[in-house]
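> Output the structure for:
(one chain, ligands or ions: 1)
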Amino acid sequence: MRHYLDLADWRSEEIRELLDLARFLRLEFRSGGNKAVLAGKTLAMIFQKPSLRTKVSFETGMNQLGGAALMLGPDEIGLGKRESTGDVAKSLSRFVQCIMARVFAHETILELGKHATVPVINGLTDSQHPCQALADVLTIQDRHGRVEGLRIAFVGDGNNVAFSLGQAVAHLGGHFAIASPEGYSFSEDDAETIAQIAAFNGSTFETFTDPVKAVRDADVIYTDTWVSMGQESDTERRLRDFREYQVNANLLKYASRRAIVMHCMPAHRGQEITDEVMDGARSAVLDQAENRLHAQKAILVKLMTHQQA
Ligand code: NVA
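Next comes the predicted model:
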């Protein structure tokens with residue numbers, strides 16, 4: 001049995017297979033609908049944090065594959081409070097065939113994975129967002145035809161989205177650069193993880209404090225909120241520290257002429273990204289959102305049917 005918790009647990013070849021499966025399922029869906037390969041199966045969705053895209057894409061994805069999804073909100077099960085995370089995982093495993101969870105501490109998703117006897121999917125933790133990253137590299141392939149050899153620049157916080165994106169890009173041989181203010185880049189461990197995957201695939205990983213250096217000649221410019229869920233009490237300091245890290249028309253001038261702009265959403269227009277760029281011709285943000293559906297369906301099918309791509 002396999003979980004989808006951390007892109008470091010997946011081989012580069014397997015990431016490519018998941019992307020092939022996502023494209024197949026997308027084409028099948030657009031050509032009249034998916035086969036009901038998950039008929040009779042249920043996905044439990046645990047949320048400790050709010051969600052729009054994750055909830056809707058997993059639920060509609062399960063429906064399109066003939067299965068069902070069950071929403072368990074923050075107040076419903078009291079993960080780790082009303083009962084232990086291990087007991088939740090063990091009990092749910094007797095009812096459902098897969099668990100997707102969005103939690104605060106990454107250790108919580110590891111704990112779920114340790115005790116569950118069904119596959120567990122990471123729907124975002126404080127440190128990783130591997131479902132988003134799979135949709136993101138699918139989007140880059142759609143727009144640019146490949147990830148290999150491209151320059152992908154992340155501008156802003158070295159957060160969950162940035163870390164998983166860096167891993168996914170490195171898996172596919174893309175060059176990854178991040179520009180963050182002093183003190184907001186990746187931990188040494190996380191930087192080492194990306195660097196190792198990049199080295200294995202013959203690509204590079206660089207960190208900068210100057211956004212211009214990171215985006216120079218970039219094929220993709222990516223940004224995300226300066227204040228992630230759970231960091232709200234730190235808002236004032238973060239808004240001040242990230243002021244120079246906005247993705248705007250001026251920053252885009254340094255990128256390749258064919259550069260696209262990406263954001264996982266929710267976006268804070270006027271903070272990390274301007275309206276002009278978010279809604280502009282280079283923006284791929286809504287394709288990214290849609291690709292969550294297709295990428296996650298591939299993960300669900302792979303984990304719940306052991307299907308090879
Ligand atoms: N970094 C953001 C991503 C939201 C999908 C957060 O964790 O709030």
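> pLDDT weak spots in the stretch 201-309 of the chain?
Along the stretch 201-309 of the chain, the parts satisfying pLDDT under 70 run over 307-309.
> all helices for it, in order.
Taking DSSP state H, counting those that start in this stretch, the helices of the stretch 201-309 of the chain run over residues 211-215, 235-241, 249-252, 275-278, 285-305.
> Out of the ones you listed, which is closest to residue 27?
Nearest of those to residue 27, taken as Cβ to Cβ: helix 285-305 at 9.3 Å. All C-beta spots, glycine's among them, are computed from the backbone N, C-alpha and C.
> related to what we said a few turns ago, export the helices of the stretch 201-309 of the chain as a markdown table, with columns for mean neighbour count and distance to the ligand.
Output for these, formatted as a markdown table (neighbours: other Cβ atoms under 10 Å; distance: least, Cβ to the nearest ligand atom, whole Å):
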| stretch | mean neighbour count | distance to the ligand |
| --- | --- | --- |
| helix 211-215 | 21 | 18 |
| helix 235-241 | 13 | 12 |
| helix 249-252 | 16 | 20 |
| helix 275-278 | 16 | 15 |
| helix 285-305 | 22 | 10 |
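> To residue 161, which of those lies closest?
The nearest among the helices of the stretch 201-309 of the chain, by Cβ to Cβ, is helix 285-305 at 10.7 Å.
> What is that closest one packed up against?
For helix 285-305, the packing partners by 3 or more Cβ pairs under 8 Å, 6 or more residues apart in numbering; DSSP states H and E come out as helix 12-30, helix 53-64, strand 98-102, strand 120-122, helix 130-144, strand 260-263.
> would you turn those into JSON lines with mean neighbour count?
Formatted as JSON lines, the helices and strands packed on helix 285-305 follow (neighbours: other Cβ atoms under 10 Å):
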{"stretch": "helix 12-30", "mean neighbour count": "17"}
{"stretch": "helix 53-64", "mean neighbour count": "20"}
{"stretch": "strand 98-102", "mean neighbour count": "27"}
{"stretch": "strand 120-122", "mean neighbour count": "27"}
{"stretch": "helix 130-144", "mean neighbour count": "24"}
{"stretch": "strand 260-263", "mean neighbour count": "24"}
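> Make JSON lines from the ones you listed and add distance to the ligand to it.
Conversion of the helices and strands packed on helix 285-305 to JSON lines gives the following (distance: least, Cβ to the nearest ligand atom, whole Å):
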{"stretch": "helix 12-30", "distance to the ligand": "19"}
{"stretch": "helix 53-64", "distance to the ligand": "7"}
{"stretch": "strand 98-102", "distance to the ligand": "9"}
{"stretch": "strand 120-122", "distance to the ligand": "12"}
{"stretch": "helix 130-144", "distance to the ligand": "7"}
{"stretch": "strand 260-263", "distance to the ligand": "10"}
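> Now render the ones you listed as TSV, adding distance to residue 217.
Output for the helices and strands packed on helix 285-305, formatted as TSV (distance: least, Cβ to Cβ, whole Å):
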stretch	distance to residue 217
helix 12-30	24
helix 53-64	30
strand 98-102	35
strand 120-122	32
helix 130-144	14
strand 260-263	14
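> Can you add distance to residue 66 and give the helices of the stretch 201-309 of the chain back as a markdown table?
What follows is the helices of the stretch 201-309 of the chain, written out as a markdown table (distance: least, Cβ to Cβ, whole Å):
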| stretch | distance to residue 66 |
| --- | --- |
| helix 211-215 | 43 |
| helix 235-241 | 43 |
| helix 249-252 | 43 |
| helix 275-278 | 36 |
| helix 285-305 | 11 |
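> Give me the neighbour count for residue 84.
Neighbourhood size, residue 84 [other Cβ atoms under 10 Å]: 13.
> Read off the pLDDT value for it.
For residue 84, the pLDDT comes out at 95.
> Now for it: which residues touch it?
Counting by Cβ atoms under 8 Å, 6 or more residues apart in numbering, residue 84 makes contact with nothing.
> Check residue 209 too.
Contacts for residue 209 (Cβ under 8 Å, 6+ apart) come out as 179-182.
> try 6 Å this time
residue 182 (Cβ atoms under 6 Å, 6 or more residues apart in numbering).
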